[in-house]
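Undergrad: sequence and predicted structure below; questions after.
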Amino acid sequence: ETAVFQTPNYHVTQVGNEVSFNCKQTLGHDTMYWYKQDSKKLLKIMFSYNNKQLIVNETVPRRFSPQSSDKAHLNLRIKSVEPEDSAVYLCASSPDWGGSSYEQYFGPGTRLTVL
Amino acid sequence: AQKVTQTQTSISVMEKTTVTMDCVYETQDSSYFLFWYKQTASGEIVFLIRQDSYKKENATVGHYSLNFQKPKSSIGLIITATQIEDSAVYFCAMRDLASSGSWQLIFGSGTQLTVMP
């Protein structure tokens, strides 16, 4: 049963455009994440966020920014997309902030293609 | 920095057999947590099983079990009585303390499992 929802499923855009992806979780979890999965299936953490703290992976370009209205939502904005941003973006949530229980629950992903 | 390595890029097995997928990790922590996730063809990523380093018993959930060899820094995933629907990419992951001071998961590169009828 899906409990982490992402929209859209797919997005195709031109270089330089701004895009925004939505993520909502109905699990009541405290922490949400954004991952990037490249064409080789490599998964890299981009952001970790709970209602108190945002952690940014230092390798993430500044054109990426997370946006949250409450602990159930964490959107991802890309200010000016570039070709290397083409990837699948996965949202996830977990019950705690790095405690012993660190299982994460993933959304279905948003596939971004930059032309 | 901690690291998770999966050297098997793909494995093919016949249905109803047992398969083991390898994973080795590097860590300086005395206590750590290891996970296996499955990504189906639809892209869905699902948590399967977890091993806490301080536990001597290998974790088991359904037809998934782990072969935890701490001296070798190895955490193999064993799937018994494989089914067609087990065909997926399997990721090994470890909890890691990032330079920012927060906990995060780092993933291996994945192993594509194909179960044939």
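TA: Arrived safely, thanks for sending.
Undergrad: just checking, residue B:48 touches residue B:37?
TA: Yes. Counting by C-beta atoms under 8 Å, residue B:48 touches residue B:37, with 6.2 Å between them. The way it works is simple: take the backbone N, C-alpha and C, and place the C-beta from them, glycine included.
Undergrad: check residue A:58 and give its pLDDT.
TA: pLDDT recorded at residue A:58 is 73.
Undergrad: could you say which helix or strand holds it?
TA: Per DSSP states H and E: residue A:58 is located in neither a helix nor a strand.
Undergrad: can you report how many residues neighbour the residue of chain B found nearest chain A?
TA: Nearest to chain A, among the residues of chain B, is residue B:103, at 2.7 Å (C-beta to the nearest C-beta). Close neighbours of residue B:103, defined as other C-beta atoms under 10 Å in any protein chain shown, add up to 19.
Undergrad: could you measure from it over to residue A:3?
TA: 21 Å (C-beta to C-beta, to the nearest Å).
Undergrad: next to chain B, which bits of chain A? Give me the list.
TA: Counting by C-beta under 8 Å from any C-beta of the partner chain, chain A comes close to chain B at A:33, A:40-43, A:45, A:48, A:53, A:55-58, A:88, A:90, A:92, A:97-98, A:100, A:102-106, A:108-109.
Undergrad: drop anything exposed from these.
TA: A:33, A:43, A:45, A:48, A:55-57, A:88, A:90, A:92, A:97-98, A:102-106, A:108-109 (16 or more other C-beta atoms under 10 Å in any protein chain shown).
Undergrad: please enumerate the shared neighbours of residue B:48 and residue B:37.
TA: Common neighbours of residue B:48 and residue B:37, using C-beta atoms under 8 Å, 6 or more residues apart in numbering or on different chains, are residue B:90.
Undergrad: which one of these two has more residues nearby?
TA: Each of residue B:48 and residue B:37 has its neighbours counted (other C-beta under 10 Å); residue B:37 has more, 23 against 19.
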